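Undergrad: The following comprises the amino acid sequence and a computationally predicted model.
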Number of protein chains: 2
Amino acid sequence: MSKPTPISGFPEWAPPQRMIEQYVLDRIRRTFELYGFAPLETRAVEPLDQLLRKGETSKEVYLISRLQEEGPAATGEGTLGLHFDLTVPFARYVLENAGRLQFPFRRYQIQKVWRGERPQEGRYREFLQADIDIVDRDTLAPHHEAEIPLVIGDALAGLPIGNSDGGLPITIQVNNRKLLEGFYRGVGLTDPVAALRAVDKLDKIGPDRVTALLAETAGATDAQAKACLALAEIAAPDPSFADAVRALGVTDPLLDEGLAELVAVLENAVAHAPGLCVADLRIARGLDYYTGTVYETQLRGYERFGSISSGGRYDNLASDANARFPGVGISIGVTRLLGLLFGAEALTVSRSVPTCVLVALASEERRPESNRIADALRRRGIPTEVSPSAAKFGKQIRYAERRGIPYVWFPGADGVGDEVKDIRSGDQVAAAPDVWQPPTVDLWPTVG
Amino acid sequence: MSKPTPISGFPEWAPPQRMIEQYVLDRIRRTFELYGFAPLETRAVEPLDQLLRKGETSKEVYLISRLQEEGPAATGEGTLGLHFDLTVPFARYVLENAGRLQFPFRRYQIQKVWRGERPQEGRYREFLQADIDIVDRDTLAPHHEAEIPLVIGDALAGLPIGNSDGGLPITIQVNNRKLLEGFYRGVGLTDPVAALRAVDKLDKIGPDRVTALLAETAGATDAQAKACLALAEIAAPDPSFADAVRALGVTDPLLDEGLAELVAVLENAVAHAPGLCVADLRIARGLDYYTGTVYETQLRGYERFGSISSGGRYDNLASDANARFPGVGISIGVTRLLGLLFGAEALTVSRSVPTCVLVALASEERRPESNRIADALRRRGIPTEVSPSAAKFGKQIRYAERRGIPYVWFPGADGVGDEVKDIRSGDQVAAAPDVWQPPTVDLWPTVG
């Protein structure tokens, strides 16, 4: 066969990068669990009609079909597609299992998703997301919207990335859909969703073209467009943003509700994680289904690459004729985050294999002896390999060196006891497999 | 929308089951790493020609296509399908990245795979596998074949399943393709692969029909068929099986080679994990690509459900015109294993959420105080939630009870300090969030 090649948009990390990814995922998972989120995985496929409920991304769905059947419709359950996010499957899961769940239901979900986009630079077609959501039955208290960014702050805070001053590596930008819609209504616009979509393009096309778009799609006068742009310029790391909004002189009951909710999010953020959140009134999120607080997240130093963690409150995603399950959630784009950090070589791992000790082999006949030593070390939680061959010791040491394995163990013979060599320093000391312990920093690979 | 329903063959575990699955996966992963296997994930899709290299399963491949393109061929990289195992993608990965890998290369890989089978009872179409493989360049020393079953034994040994006597929960059945092929040649059969396929059906169709099949497909005489069946009946938990083979009086150089290799596997197993392995000469494995040791694994008490972990040595899977990368590996069918254990209610988890402590809420106004207590507990690694509402304390305690959360924390007020209640015993004691520690057994959910 010919040499295989990569497929655009389907990244494959090398083992050392995968070790870093696991380290990041372990931290994320542990943080989610510290906040009481329960784990869930949903199947990779959903019926196509479920996937298309979120309109905009329909062109990105991958359909699946059995090789020996005709066309994608023949799977027996109607057409199936791969999920393109974890929110739509979760909403389906909640509706399907509502009778068996305890509400409010807090769950996290860390899985691959797929988007059938045309291949282009920096776009992934397969990528890993880490989501948390809280849904309740009938009503969801707004304090949950204030809790979500703190979880993300904690999950990513300890990563050895971002500011060299040890500060937070991320900024979470927060806004509120009610605030935006209420404001647009308050200035007299009758299609606030069209206005929201126009303002959402501010970063991409600039204020002049947004003004034109507001006139064209939302029927905005110059004064109305000016007010919308003035709102979009407000940003503050604390509840003071509310004064700036009120200074614009617009009043509307929905605006007041949104303002109160966003103030509560900022108050909570200032109390628990100063500097983590910024109220940024230009953030709108493209998706139709958000109805309250919305979140985007900048990785400091990588702002130009866009948000690495986004989400918001949705009141109508998990609803049917009988019940309504409003929710709030956020998704960390793990592959996107790691892609940025790997590209900048911002994260490294101390070795390319888990192995801490390589047990050397004097001769193939003496392999059982080396195996016994490895057994004893592993039983004590020390990752250990036995040398694959009884080559000269110099060659065995190079086997360890090439992988970053820090210790080589030499089984004793002829009245001489076992010895272990730190191949970085060259220090070699007597050791017994049932008592020797490496320094904690050497036991497992470390990420820095 | 109408209430969604499950899709046959795509299991979704409830959160408590997912907690058990994560516990099992964490144990498997740690064991793999203790043996020095490095982590790898490959993309979910492979070019169709790669997937069809393993003939037999071609009918099970799921193809993917973009919703708005015509037919599966239009993805830009030829037809893509979802991988149906982790061995074929790994072989492709090794060929693609050979220049960047250190050999022998030990990797583990824990991922979902998909098989487009027709829906039927007990068949999964999406399931999780946990694989280890060792590949080397040009030649692979046979001692690696003896190491593989010990890793699986360790990975599954500690699970609280199987024998109530604390014995090993699994038996790994081992055989060797060279032994079988050499024996069939030695009795004069010219198509040993046909003979192997016939004998592989012994458990399903019985000795009489295997005899007929041997005659029909491999041209075996009655005496030859009898010899093949006599070989298939040999089984022993130690190297003594070799005497039984030799007693059949067949000689062949390939048989001798296979015997020596299988004896070495059994010797190693007896030395390191007595009772784990059985040489069982009826095990053949259906797949064409195995060329040496083969493995199947029975979960004790669930033997009728078939193997939960299978694999073997393959010499020609990862090879191209320039290089050859012989390998040996084994795959744990995690979904299959858990499906059996969940069906028998053989594994339970101590609560349905990670949360150890629920911080009660005297009034919504005092939420910041409860949040601060939760913060302090989480910083000390104690999974904590704050009550979702300031309902009566009885109702807040029931919130904890329904989820199995063992502790409810009552913030102090009016000169009375904080107290924490073990809601199982009713004991309530004074506590401070920066020093109180739950018993270790309560800190995280436990699986038993």
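TA: Now that the structure is in, tell me what you want to look at. Residues are numbered from 1 along each chain as shown, chains lettered A, B, ... in the order given.

Undergrad: At the geometric centre of chain A, which residue do we find?
TA: Centroid-nearest residue in chain A, with CA atoms, centre = their mean: residue A:332, separated by 2.2 Å.

Undergrad: Tell me the secondary structure at that residue.
TA: Classification of residue A:332 using DSSP: H, G, I helix; E, B strand; the rest coil returns strand.

Undergrad: mind checking which helix or strand residue A:327 is in?
TA: Using DSSP states H and E, residue A:327 sits in strand A:324-333.

Undergrad: I misspoke; the intended subject was residue A:211.
TA: Using DSSP H and E, residue A:211 sits in helix A:202-218.

Undergrad: Just the angle for the helix or strand that that helix is followed by relative to helix A:202-218, thanks.
TA: Going down the chain from helix A:202-218, the next helix or strand is helix A:222-232, by DSSP H and E. Using axes from the mean of the first three to the mean of the last three CA atoms, to 10 degrees, one finds that helix A:222-232 and helix A:202-218 are set 150 degrees apart in direction.

Undergrad: Buried residues in helix A:222-232, which are they?
TA: Within helix A:222-232, the residues scored as buried using 16 or more other CB atoms under 10 Å in any protein chain shown are A:224, A:225, A:227, A:228, A:229, A:230, A:231, A:232. (Each C-beta comes from the backbone N, C-alpha and C, glycine too.)

Undergrad: same question, stretch A:381-388
TA: Neighbour-count burial for stretch A:381-388 flags A:382, A:383, A:384, A:385, A:386, A:387, A:388 (criterion: 16+ other CB under 10 Å).

Undergrad: Just the endpoints, please. Distance across that stretch?
TA: End-to-end distance for stretch A:381-388: 21 Å, by CA to CA, to the nearest Å.

Undergrad: That stretch vs chain B: in contact?
TA: Yes. Using CB under 8 Å from any CB of the partner chain, stretch A:381-388 comes into contact with chain B via A:381, A:382, A:383, A:384, A:385, A:388.

Undergrad: Averaged over its residues, which helix or strand of chain A has the lowest pLDDT?
TA: helix A:48-51 (a mean of 88; mean pLDDT, DSSP states H and E).

Undergrad: Summarise which helices and strands the helix or strand that it is followed by is packed against.
TA: Toward the C-terminal end, the helix or strand that comes next after helix A:48-51 (DSSP H and E) is strand A:62-66. Counting contacts by 3 or more CB pairs under 8 Å, 6 or more residues apart in numbering or on different chains; DSSP states H and E, strand A:62-66 packs against strand A:80-82, strand B:62-66.

Undergrad: which of those strands sits most buried?
TA: strand A:80-82 (a mean of 26; mean count of other CB atoms under 10 Å in any protein chain shown).

Undergrad: which secondary structure elements does that one contact?
TA: Contacts defined by 3+ CB pairs under 8 Å, 6+ apart place strand A:80-82 against strand A:45-47, helix A:48-51, strand A:62-66.

Undergrad: Which pLDDT value does the model give residue A:298?
TA: Residue A:298 carries a pLDDT score of 94 in this model.

Undergrad: I misspoke; the intended subject was residue A:117.
TA: 81.

Undergrad: The residue lying closest to residue A:389 once chain neighbours are set aside: how many residues sit nearby?
TA: Nearest residue to residue A:389, sequence neighbours excluded (CB to CB, 6 or more residues apart in numbering or on different chains): residue B:141, at 6.5 Å. The local packing of residue B:141 (other CB atoms under 10 Å in any protein chain shown) involves 16 other residues.

Undergrad: So residue B:141 versus residue B:104, what's the distance?
TA: Computed as CB to CB, to the nearest Å, the residue B:141 to residue B:104 distance reads 8 Å.

Undergrad: so what's in contact with these two at the same time?
TA: Overlap of the contact sets of residue B:141 and residue B:104 (by CB atoms under 8 Å, 6 or more residues apart in numbering or on different chains) consists of residue A:388.

Undergrad: Counting by contacts, list what the least confident helix or strand of chain A packs against.
TA: On a contact count with 3+ CB pairs under 8 Å, 6+ apart, helix A:48-51 meets strand A:80-82, helix A:87-97.

Undergrad: Identify whichever of the ones you listed lies nearest to residue B:213.
TA: If you check each of the helices and strands packed on helix A:48-51 against residue B:213 by CB to CB, strand A:80-82 wins as the nearest, at 38.0 Å.

Undergrad: centre of the chain versus that closest one, how much separation?
TA: When distances are taken as CA atoms, centre = their mean, to the nearest Å, strand A:80-82 is centred 22 Å away from the chain's centroid.

Undergrad: Sheet partners, orientation included, of it?
TA: If you go by DSSP bridges, strand A:80-82 pairs up with strand A:45-47 (antiparallel), strand A:62-66 (antiparallel).

Undergrad: among these, which gets the worst mean confidence?
TA: When these are compared on mean pLDDT, strand A:62-66 scores lowest, with a mean of 91.

Undergrad: ok so, going back, which positions in the helix holding residue A:211 come out as buried?
TA: In helix A:202-218, counting by 16+ other CB under 10 Å, buried: A:202, A:210, A:211, A:213, A:214, A:218.

Undergrad: helices or strands next to it in the packing?
TA: Packing partners of helix A:202-218 (3+ CB pairs under 8 Å, 6+ apart): helix A:192-199, helix A:222-232.

Undergrad: chain center to it: distance?
TA: Here helix A:202-218 shows a centroid-to-chain-centroid distance of 31 Å under the convention CA atoms, centre = their mean.

Undergrad: what's around the residue lying closest to residue A:433 once chain neighbours are set aside, how many residues?
TA: Residue nearest to residue A:433 in three dimensions, not counting chain neighbours: residue A:376, with 3.8 Å by CB to CB, 6+ apart. By the measure other CB under 10 Å, the count of residues near residue A:376 is 17.
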